[in-house]
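K.L.:
Pasting the sequence and the predicted coordinates here, then a few questions.
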2 protein chains.
Amino acid sequence: MKNYAKVNVTEEARAELHDKLALTGAEVSINALPAGTSVPFIHSHKQNEEIYAVLSGEGYAEIDGEIIGLEAGDWLRVSPAAKRRFAASSEKAVKYICIQVKEGSLEGYTATDAII
Amino acid sequence: MKNYAKVNVTEEARAELHDKLALTGAEVSINALPAGTSVPFIHSHKQNEEIYAVLSGEGYAEIDGEIIGLEAGDWLRVSPAAKRRFAASSEKAVKYICIQVKEGSLEGYTATDAII
């Protein structure tokens, strides 16, 4: 069995990669919201830290009632307990990645986990 | 203390987000390789699964000796033991994300971890 899996995601409105790539340490989704729309619910998490990256467009996050403007190149860490909702701006769509990982699960990384 | 942290990453050649965002479940880096260049070493990992996403440009991954062409929208899971190296194509730069997570660390996700 190969040590890798690959998929191409370009056109879909939402893609979830856990099953497509047989991920074991994260779920990753690629999301697109048309201008003037938002995710229709506020949510939090039991165990998972979420990391969001804005790929293109413009929008905002509502986190614990605070509005945070978002543009391409923005990265966010959101703790499990935070009550969050994402939205596009009224005039532009927004495309973003959401990475779910178990809070506190990372041990070594980069220099302390790599073998060169 | 707020339940989130935010940073904007646009111009840097390489940015590492673990410390900038106080991540606890992943390290995330944003990387750029100019045309005709590659990461100067092959590496594997002790514990960490890596997830790569190509944001723009063109390049290839060498994984366990196999060459895998890469273009924008490609996502890869790479198991810890895989011997890997990333490169830009000879004519185009490549910009990509690398997510390190502990293999096997994810428990519930999305519907089984969210609270709505």
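P.N.:
Here it is on my side, so go on.
K.L.:
Contacts only, for A:Ser38.
P.N.:
Counting by CB atoms under 8 Å, 6 or more residues apart in numbering or on different chains, A:Ser38 makes contact with A:Arg85, A:Phe86, A:Ala87, A:Ala88. Backbone N, C-alpha and C define where each C-beta goes, glycine included.
K.L.:
how close does it sit to chain B?
P.N.:
Noted for A:Ser38: a distance of 14 Å to chain B, by CB to the nearest CB, to the nearest Å.
K.L.:
Alpha carbons of the lengthiest strand in chain A, as PDB, please.
P.N.:
Longest strand of chain A, by residue count under DSSP state E: strand A:48-63. What follows is strand A:48-63, C-alpha atoms only, in PDB (Å, rounded to 0.1, in the frame of the first residue of the first chain):
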ATOM      1  CA  ASN A  48     -11.700  19.700  18.300                       C
ATOM      2  CA  GLU A  49      -9.600  22.800  17.700                       C
ATOM      3  CA  GLU A  50     -10.400  24.300  14.300                       C
ATOM      4  CA  ILE A  51      -8.000  26.200  12.000                       C
ATOM      5  CA  TYR A  52      -9.400  28.300   9.200                       C
ATOM      6  CA  ALA A  53      -7.700  29.800   6.200                       C
ATOM      7  CA  VAL A  54      -9.200  32.200   3.800                       C
ATOM      8  CA  LEU A  55      -8.200  31.300   0.200                       C
ATOM      9  CA  SER A  56     -10.000  34.100  -1.600                       C
ATOM     10  CA  GLY A  57     -12.800  36.600  -1.400                       C
ATOM     11  CA  GLU A  58     -14.000  38.400   1.700                       C
ATOM     12  CA  GLY A  59     -16.200  37.600   4.600                       C
ATOM     13  CA  TYR A  60     -16.300  37.600   8.400                       C
ATOM     14  CA  ALA A  61     -16.400  35.200  11.300                       C
ATOM     15  CA  GLU A  62     -18.700  35.700  14.300                       C
ATOM     16  CA  ILE A  63     -16.900  34.200  17.300                       C
END
